[in-house]
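> Curious how this folds, go ahead:
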Amino acid sequence: MEREKRSILIVDSSASSIFYTSMLLRELRYAVRSAPTGEEALSAIASSAPAAVITDTVLPRMSGVELLKQIKSNVSLRFIPVIILTADANSSNKETCAQAGCTAYIMKPVEPEALYRAIQSATEATPRRYIRINTALKVRIGAGVAGGKARTEDVTSLSEGGCYVSMSAPAPVNALVPLTLLLRNHEIEATAVVLYSSAQAGGLHAVPGMGMKFTKINVEDLNLIRDFIRTEVMRDLKVFKA
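Numbers count the residues shown, from 1 in each chain. Got it, this is the predicted structure:
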């Protein structure tokens with residue numbers, strides 16, 4: 001079963017910024033809460049601690065910098081990572097936030113990859129480097145995998161680093177798999193190593209299959225995958241930019 005989504009608290013006085021960042025985080029598979037002021041953020045944290053706080057520096061009354069300092073000076077809250085997301089490029093403010101203990105200082109408008117990596121680094125013991133999306137793509141698996149002939153299977157999850165292939169007879173862990181991913185009228189040739197494999201229903205992906213890491217793929221094909229993932233993540237946000 002997929003793990004419960006990590007909860008992220010967004011603190012921003014701009015309703016449009018909260019809306020945009022919330023939509024982006026949901027696309028990245030996070031649960032989201034929000035607060036327009038530092039005072040309301042502290043109240044929200046007291047009722048249920050989030051996995052991380054993302055705050056602007058410019059807030060009414062209590063600034064985001066002061067919110068950061070209050071969180072980090074409270075022994076019961078200081079474990080919560082605080083990420084600054086702001087249009088304030090003032091180097092002294094950035095230094096102040098770093099000294100106060102912020103995890104990352106990210107400029108608006110936010111890039112999905114930068115925000116994802118910051119949250120992963122702050123909240124996960126083994127952080128993912130690349131955004132992973134659910135998808136429905138076809139892939140041709142080379143002959144000889146799990147003793148079988150070449151065949152077409154379904155990719156149900158994709159990142160720049162690899163993919164999950166749904167299949168009833170997956171290859172064993174550490175097997176090298178030649179594959180051809182069919183993406184936007186392109187055939188992407190790659191070799192991947194099997195990181196985990198299950199012939200049983202259930203688990204993280206709910207269906208039998210194998211999770212694989214790309215070990216050989218050319219730069220042009222990797223760029224196609226990167227562009228496809230970014231387009232999918234940003235699909236509902238194209239008409240709305242914070």
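> The longest helix belonging to the chain - what's its average pLDDT?
Of all the segments of type helix in the chain, defined by DSSP state H, the longest one is helix 219-234. When pLDDT is averaged along helix 219-234, the result is 95.
> For whichever strand in the chain runs longest, buried residues please.
Of all segments of type strand in the chain, defined using DSSP state E, the longest is strand 186-198. When burial is assessed from 16 or more other C-beta atoms under 10 Å, strand 186-198 yields the following buried residues: 188, 190, 192-194, 197. For glycine as for every other residue, the C-beta is placed from the backbone atoms N, C-alpha and C.
> if we can go back for a sec, which residues are contacting the longest helix of the chain?
Under the criterion C-beta atoms under 8 Å, 6 or more residues apart in numbering, residues 24, 27-28, 112-113, 130-131, 133, 135, 158-160, 181, 183-184, 186, 188-190, 214 lie in contact with helix 219-234.
> That one versus strand 186-198: what angle between them?
Computed with axes from the mean of the first three to the mean of the last three C-alpha atoms, to 10 degrees, the direction of helix 219-234 lies at 70 degrees from that of strand 186-198.
> related to what we said a few turns ago, name the helices or strands packed onto the longest strand of the chain?
Packing partners of strand 186-198 (3 or more C-beta pairs under 8 Å, 6 or more residues apart in numbering; DSSP states H and E): strand 162-166, strand 176-183, strand 209-217, helix 219-234.
> what's the most buried one of these?
For those, the largest average neighbour count (mean count of other C-beta atoms under 10 Å) is found in strand 162-166, namely a mean of 24.
> Let's test this: mean pLDDT of it, rounded?
Mean per-residue pLDDT for strand 162-166: 96.
> about what we covered before: C-alpha coordinates for the longest helix of the chain, PDB please?
Coordinates of the C-alpha atoms in helix 219-234 are reproduced here as PDB (Å, rounded to 0.1, in the frame of the first residue of the first chain):
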ATOM      1  CA  VAL A 219      21.100  12.700 -23.400                       C
ATOM      2  CA  GLU A 220      18.500  13.500 -26.100                       C
ATOM      3  CA  ASP A 221      16.200  10.700 -24.900                       C
ATOM      4  CA  LEU A 222      16.700  11.800 -21.200                       C
ATOM      5  CA  ASN A 223      15.700  15.300 -22.200                       C
ATOM      6  CA  LEU A 224      12.500  14.000 -23.800                       C
ATOM      7  CA  ILE A 225      11.600  12.200 -20.600                       C
ATOM      8  CA  ARG A 226      12.300  15.300 -18.500                       C
ATOM      9  CA  ASP A 227      10.200  17.500 -20.800                       C
ATOM     10  CA  PHE A 228       7.300  15.000 -20.700                       C
ATOM     11  CA  ILE A 229       7.300  14.800 -16.900                       C
ATOM     12  CA  ARG A 230       7.500  18.600 -16.500                       C
ATOM     13  CA  THR A 231       4.600  19.000 -19.000                       C
ATOM     14  CA  GLU A 232       2.500  16.500 -17.100                       C
ATOM     15  CA  VAL A 233       3.200  18.100 -13.700                       C
ATOM     16  CA  MET A 234       2.500  21.600 -15.000                       C
END
